[in-house]
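> Here is the input, now give the coordinates:
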Amino acid sequence: MRPKRLVRAGVAVLVLSALVLAGTYAADIALRYAADHGQPPRRPQSVPQPTIPTPASNPIATTTGIPAPDQAVLIADLRAPEARVLAVDASGSRVGSAPLGADEARRFSLAPLRRGGDRFLLKTATLRPDGEPDCLARADGTLVTTACDADAPAQIFQFSPAGADTAGRHLFNIRTGGHAVKLDGAGSVRVDAGGAGSAFAFVPWNAAEDPFD
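Numbers count the residues shown, from 1 in each chain. Just a heads-up that it's a prediction; the model follows:
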C-alpha cells in the first residue's frame, strides 16, 4: 500500500474513533443533565414483561357439580358488593356468614347418606372435643351445629342446580326439610319455608381430612 493511502486509512480510523468517543461522551452528558434536572434518563426500550396475576385478580374457582365427600369447600354467596360464605360463629354452636376466606370455621364437606345419593350431611371443619366434626342442622329458622345424626331430618340437606352467574360459576340452592337456606342483606343466615333461597357456589379448598389447613 502506498504511503498516501496508509495516511488516509489512519486518518479515517482516527476520525471514526473520535466520533464514537464523542457519541459516548455526549450520551453520558445527556444522562447527567437529565439526572441533575429531575428528568428520568432515557434508556433503550426493553421488551415488556408478562404481568403475573395476583390472587385478588384471579377468578374464583368453583365446582361444576356437587363436591366429592373428600373435598373441603367454602359455601359462598358470590353476589356483589362483597362475597360471603357460611361460617361457624365464635360460640361454635351457630352458623352465620363471614367474608370470603379460608379457615376451619368457614369450611365444610358434604357427606352423602349413601353413595350416589342426593341427600347429604353438611360436616364442619371445626372439631368437637372428642375430635369428631359437627353437622349443620335446621333449628328455629336458622342453622346450628350439633353432633352428626344421619337419621335426623333437620340435618339432611339437598342441593339443586340454580344455573350460573355472569362469570360462568355453577350455583346451587340448599334446602332442608322443604326449607331454603338464604343469606339476607346483612349477612344473616335464615332457613325459611318457601322460596328458592340464595344461590350458593362451592369453592374448593383442600381435602376434607387435611384438616382444612
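> Gly177 and Ile156 touch, don't they?
Yes: the pair Gly177 / Ile156 is scored as a contact, 7.3 Å apart, by CB atoms under 8 Å. (Glycine included, C-beta is placed from N, CA and C.)
> Mind checking which of the two has more residues around it?
Ile156 (20 against 13; other CB atoms under 10 Å).
> which residues touch that one?
With contact taken as CB atoms under 8 Å, 6 or more residues apart in numbering, Ile156 is in contact with Leu113, Arg119, Phe120, Leu121, Ala150, Thr176, Gly177.
> got it, and Asp165?
Taking CB under 8 Å, 6+ apart, one finds Leu78, Arg79, Leu171, Ala199, Ala201 in contact with Asp165.
> What segments of this structure are strands?
71-77, 84-88, 94-99, 108-112, 120-127, 133-139, 142-147, 158-164, 170-176, 179-183, 189-193, 201-207 (DSSP state E).
> I'd like the ones you listed as JSON lines, with distance to Thr64, mean pLDDT and mean neighbour count appended.
JSON lines is the format used below for the strands of the chain (distance: least, CB to CB, whole Å; pLDDT from 0 to 100; neighbours: other CB atoms under 10 Å):
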{"stretch": "strand 71-77", "distance to Thr64": "12", "mean pLDDT": "91", "mean neighbour count": "24"}
{"stretch": "strand 84-88", "distance to Thr64": "19", "mean pLDDT": "94", "mean neighbour count": "25"}
{"stretch": "strand 94-99", "distance to Thr64": "24", "mean pLDDT": "94", "mean neighbour count": "18"}
{"stretch": "strand 108-112", "distance to Thr64": "14", "mean pLDDT": "93", "mean neighbour count": "21"}
{"stretch": "strand 120-127", "distance to Thr64": "17", "mean pLDDT": "92", "mean neighbour count": "22"}
{"stretch": "strand 133-139", "distance to Thr64": "23", "mean pLDDT": "96", "mean neighbour count": "22"}
{"stretch": "strand 142-147", "distance to Thr64": "25", "mean pLDDT": "96", "mean neighbour count": "18"}
{"stretch": "strand 158-164", "distance to Thr64": "9", "mean pLDDT": "92", "mean neighbour count": "15"}
{"stretch": "strand 170-176", "distance to Thr64": "5", "mean pLDDT": "94", "mean neighbour count": "20"}
{"stretch": "strand 179-183", "distance to Thr64": "21", "mean pLDDT": "95", "mean neighbour count": "20"}
{"stretch": "strand 189-193", "distance to Thr64": "25", "mean pLDDT": "93", "mean neighbour count": "16"}
{"stretch": "strand 201-207", "distance to Thr64": "9", "mean pLDDT": "82", "mean neighbour count": "20"}
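> closest one to Thr63 among these?
strand 201-207 (4.4 Å; CB to CB).
> Identify the residues contacting that closest one?
Residues contacting strand 201-207 (CB under 8 Å, 6+ apart): 60-63, 66-67, 70-78, 85, 100, 102, 107, 165, 169-172, 212-213.
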